[in-house]
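In: Dropping the sequence and predicted coords here.
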Amino acid sequence: MHIDQTEKKWIWVTIFMTVIMVGVLTAYAVGSNIHPPSGFEPIDSTRLHLSEEFAEDNLGYKDNGDGTGTLTMVGARYGFYPSTVEVPVDTPIKIRVASADVLHGLHVPFTNYTTMVVPGYVAEVNTTFQKTGDYTVMCNEYCGLGHDHMWSRLKVVEKTGS
Ligand code: CUA
């Protein structure tokens, strides 16, 4: 098969550009500590309140006693619950979120904490908050008329001496 000289040149240019773009994406993902979601854990979104872990009284931050913590949250139209959570800085935290209704997207600007919350599945993210401060937890997947008002607070505070 005959391939024109100019065409050959552009094939190489295309391959070169693809390699550059994949390289930039990979470097950015590694540099910013971005992970694909891990695990695959189904849950009945209509019965969250009856599950032990996602029952209202059990939501929020828990110290695991080994220098790490677990944060459990529920996203539901239109808010993330608990509506204010306090977590310690510089502590590895496993965050587990479930949706009680439709697809939501959980996003905390200026951190690497972001995940889709797909109904029927537990979204799990491991992160460490590096800086203290007040952060806004926002929904970044359109979920209905109240989507713009779907947000809550995350406070990253100094570790308590324990
Ligand atoms: Cu929840 Cu948009």
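Out: In hand now; what should we look at? Fair warning: this is a prediction, and the values are worked out from it, not measured in the lab. Numbers count the residues shown, from 1 in each chain.
In: Relative to the whole chain's centre, how far out is stretch 145-160?
Out: 13 Å (CA atoms, centre = their mean, to the nearest Å).
In: correction: stretch 52-65
Out: On the basis of CA atoms, centre = their mean, stretch 52-65 sits 18 Å off its chain's mean C-alpha point.
In: Over to stretch 88-102?
Out: 8 Å.
In: can I have that stretch written out in PDB, keeping just the CAs?
Out: Taking Å, rounded to 0.1, in the frame of the first residue of the first chain, the C-alpha atoms of stretch 88-102 are listed here in PDB:
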ATOM      1  CA  PRO A  88      -8.000  16.200  61.900                       C
ATOM      2  CA  VAL A  89      -5.200  17.500  59.700                       C
ATOM      3  CA  ASP A  90      -2.300  15.200  58.500                       C
ATOM      4  CA  THR A  91      -4.300  12.000  59.200                       C
ATOM      5  CA  PRO A  92      -5.000   9.300  56.700                       C
ATOM      6  CA  ILE A  93      -8.800   9.200  56.400                       C
ATOM      7  CA  LYS A  94     -10.900   6.600  54.700                       C
ATOM      8  CA  ILE A  95     -14.000   8.400  53.400                       C
ATOM      9  CA  ARG A  96     -17.100   6.300  52.600                       C
ATOM     10  CA  VAL A  97     -20.100   8.000  51.000                       C
ATOM     11  CA  ALA A  98     -23.400   6.600  49.800                       C
ATOM     12  CA  SER A  99     -26.300   8.200  48.000                       C
ATOM     13  CA  ALA A 100     -29.800   7.900  49.300                       C
ATOM     14  CA  ASP A 101     -31.400   8.800  46.000                       C
ATOM     15  CA  VAL A 102     -29.800   9.800  42.700                       C
END
